[in-house]
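Novice: Please find the sequence and the predicted model below.
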Amino acid sequence: MAEKTEVGSNFVREIVEQDIANGKNGGRVATRFPPEPNGYLHIGHAKSICLNFGLAQRFGGTCNLRFDDTDPVKEDTEYCDSIKHDVEWLGFHWDNLYFASDYFDQLYEWAKELIRRGLAYVDELTPEEIREYRGNFYTDGKPSPWRDRPAEESLDLLERMKNGEFKEGERVLRAKIDMCHKNMNMRDPLIYRIKFAHHHRTGDKWCIYPMYDFAHGLSDAIEGITHSVCTLEFEDHRILYDWFIDALELDRHPQQIEFAKLNLTDIVLSKRRLLSLVKEGHVNGWDDPRMPTISGMRRRGFTPEAIRNFCELIGVNKRDSLVDFALLEHCVREHLNATVPRVMGVTKPIRVLIENYPEDQVEWFDAPYSPTDDSLGSRKVPFSRELYIESADFMENAPSKFYRLTPGREVRLRYAYVIKCTGVDKDADGNITQVRCTYDPETRGGNTPDGRKIKATIHWLSRAHALPAECRMINSLFTVSDPLADPDGDFKKYLNPNSMEILNGYVEPALADAKPGYHCQFERVAYFNVDDDSTPDHLIFNRTVTMSDDWAKIQKKNG
Ligand code: ATP
Ligand code: MG
């Protein structure tokens, strides 16, 4: 169960504030967002982006976008492009754009420096032996027989590793630290390994690649990062992060600070899992509107403002927690409710015939786009003898509590008239083909001059003017709230077969030119966003969020 979030607390911000107050780094604040370009960014990354860029903004500092492209096999330029686009879309601007691979030469020099200082050596143990020699949490490790070889020998071997004289796994460069350290990361960790792989930027220049722990902190130091913010799984690596910088006696020493990852209900994060959903065709790409990627959420109609507000609300702390997806939807709904036009759209249409309305008459009613914000303007909506209404707004045999349309009862058509249902037409199989009504000409604009009460107001469309619209009703991608809780780790068995329901609906003519990315509320139905594949000939709307606020309900239930 999702726990209640403590609104807005952010311990990293407090640390930075303290550092500035103490004059640390001369009051300078420099952060970076360091994605590995091996997939599209997801909502978890948004938390890190908001945090890093947010710190720079708040304290007048800088934030770099650095592609952590030290591992050559999984990386791709397509991913770099999407990451840049997503960061900008979220509303942030990097001060510098860097690639960790740009530092390969410098890192190689530093590796040699460590050897010269007697703090690194080339090892010839096999990967299995290295593992075995390392020991475990309960037992000390033991030194490799190559640990104390002369620096000259290691320097020569490293050079030959670089020149491609050895096969993968035959040689590695290791830091010489402590084979009995209680933190396993300190038991002579690898610095370089051989990998004959093409790199998306350095091509085939290198066949040795630096390990993350070595490359990351030193890249931070090169860029003069002051606060290197990362997620909790790197807490045990901080000691090593510091060791490399100290061992090289660099004059700039960034401070690593770890925070808890964002975990969300109803979805899975992690690029590896998302990639498998894409590759196996469970979704239509990284930007499928059901995906928790930034690009998927954008396509679904989530806004940068809403995502940033969400990240602010959930705060930043040291404890892992599971945040309810409903909170994110709540933030989206709040933002859309305050900003987007209301229009009329019918997702599951049923035909209505106004028997006493003149056959060739069309009236155009003035309809403001917002009940509160005049700046959104208004449009005209056409009214005629044949209409569509939402089939859920009609019931043939309705209970007395059903206030919408049913034989003998009246409803108000938004902006237009009060109508009364007189009966239904059915086909040979008994299916309702059309609802028959009469309208009251005295109620033009929806008023009742005699003061009679009309309990419900419903939306509608003139059939002759309505535009067909494919409505993609986005639902949860999974049938359970915590798909990762599966004992076998098989989250895909909970994929929701109805995660995207396609409805053949209609919208009012004012939406004829609605472009991809256009947000609106179909009154009484849901918030929608025009899909990227939509064209004037084939309008497609994605349901962004429903009208009902599950988060508010959860809050109420929890008191
Ligand atoms: P994934 O496991 O999804 O691939 P990652 O941590 O490997 O994520 P990176 O590209 O290495 O992805 O991450 C870039 C930055 O985003 C890192 O600083 C990382 O800590 C942060 N980050 C990744 N996932 C989350 C998350 N769920 N919540 C907060 N920050 C995250
Ligand atoms: Mg990663």
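Specialist: Looks like it arrived, so ask away. Numbering: from 1, shown residues only. Ligands and ions are numbered 1, 2, ... in the order given.

Novice: Next up, the contacts around the nearest residue to residue 409 once chain neighbours are set aside.
Specialist: Nearest residue to residue 409, sequence neighbours excluded (Cβ to Cβ, 6 or more residues apart in numbering): residue 421, at 6.1 Å. Where C-beta positions appear, they are placed from N, C-alpha and C, glycine not excepted. By Cβ atoms under 8 Å, 6 or more residues apart in numbering, the residues touching residue 421 are 394, 405, 406, 407, 408, 409, 410, 435, 436, 437.

Novice: Now do the fifth one, the pLDDT please.
Specialist: The reference is to residue 408. Confidence at residue 408, expressed as pLDDT, is 97.

Novice: Need the contact partners of the helix or strand bottoming out on mean pLDDT in the chain.
Specialist: When each helix and strand of the chain is scored by mean pLDDT, DSSP states H and E, helix 550-557 comes last, with a mean of 80. Helix 550-557 has contacts (Cβ under 8 Å, 6+ apart) with 2, 324, 326, 327, 329, 330.

Novice: Check which residues of it are buried.
Specialist: 550, 551, 554 (16 or more other Cβ atoms under 10 Å).

Novice: From those residues, pick the one nearest residue 528.
Specialist: Checking the buried residues of helix 550-557 against residue 528 with Cβ to Cβ, the nearest one is residue 550 at 18.1 Å.

Novice: Tell me the spacing between that closest one and ligand 1.
Specialist: Separation of residue 550 from ligand 1 (Cβ to the nearest ligand atom, to the nearest Å): 22 Å.

Novice: and what of residue 161?
Specialist: Distance from residue 161 to ligand 1, by Cβ to the nearest ligand atom: 26 Å.

Novice: in what helix or strand does the residue nearest to residue 121 when sequence neighbours are not counted lie?
Specialist: By the measure of Cβ to Cβ, 6+ apart, the closest residue to residue 121 outside its immediate chain neighbours is residue 154, 4.9 Å from it. In this assignment (DSSP states H and E), residue 154 forms part of helix 151-162.

Novice: What is the subsequent helix or strand relative to that helix?
Specialist: strand 172-175.

Novice: That next one - what's its average pLDDT?
Specialist: pLDDT averaged over strand 172-175 gives 98.

Novice: for the following helix or strand past it, packing partners?
Specialist: Going down the chain from strand 172-175, the next helix or strand is strand 190-194, by DSSP H and E. Helices and strands touching strand 190-194, as assessed by 3 or more Cβ pairs under 8 Å, 6 or more residues apart in numbering; DSSP states H and E, comprise helix 104-116, helix 151-162, strand 172-175, strand 208-210.

Novice: Would you format these as CSV with mean neighbour count included?
Specialist: Shown next, in CSV, are the helices and strands packed on strand 190-194 (neighbours: other Cβ atoms under 10 Å):
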stretch, mean neighbour count
helix 104-116, 18
helix 151-162, 17
strand 172-175, 25
strand 208-210, 24
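
Novice: Present these as CSV; the columns should include distance to residue 343.
Specialist: Below are these laid out as CSV (distance: least, Cβ to Cβ, whole Å):
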stretch, distance to residue 343
helix 104-116, 54
helix 151-162, 63
strand 172-175, 63
strand 208-210, 54
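
Novice: picking up where we left off before, in ChimeraX, how would I select the buried members of the contacts of residue 421?
Specialist: If you want just the buried ones from those in ChimeraX, going by 16+ other Cβ under 10 Å, the selection is:
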select :394,405,406,407,409,410,435,436,437
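
Novice: Which of the contacts of residue 421 fall within strands?
Specialist: Applying DSSP state E to the contacts of residue 421, the entries found in strands are 410, 435, 436, 437.

Novice: Restricting to the residues you listed, which residues neighbour ligand 1?
Specialist: Contacts with ligand 1 within the ones in strands among the contacts of residue 421, counted by Cβ under 6 Å from any ligand atom: none were found.

Novice: confidence score at residue 3?
Specialist: At residue 3, pLDDT is 41.

Novice: At the contact with ligand 1, which residues of this protein appear?
Specialist: 34-36, 44-45, 47-48, 230-231, 261-262, 269-271.

Novice: Okay, and which of the residues you listed map to strands?
Specialist: Using DSSP E, these in strands are 230, 231, 262.

Novice: can you pull the contacts of the last one?
Specialist: So the one you mean is residue 262. Taking Cβ under 8 Å, 6+ apart as the test, what residue 262 contacts is 43, 44, 47, 269, 314, 323.

Novice: burial count for the second one?
Specialist: Counted by other Cβ atoms under 10 Å, the residues lying close to residue 44 total 17.

Novice: Much appreciated, bye for now.
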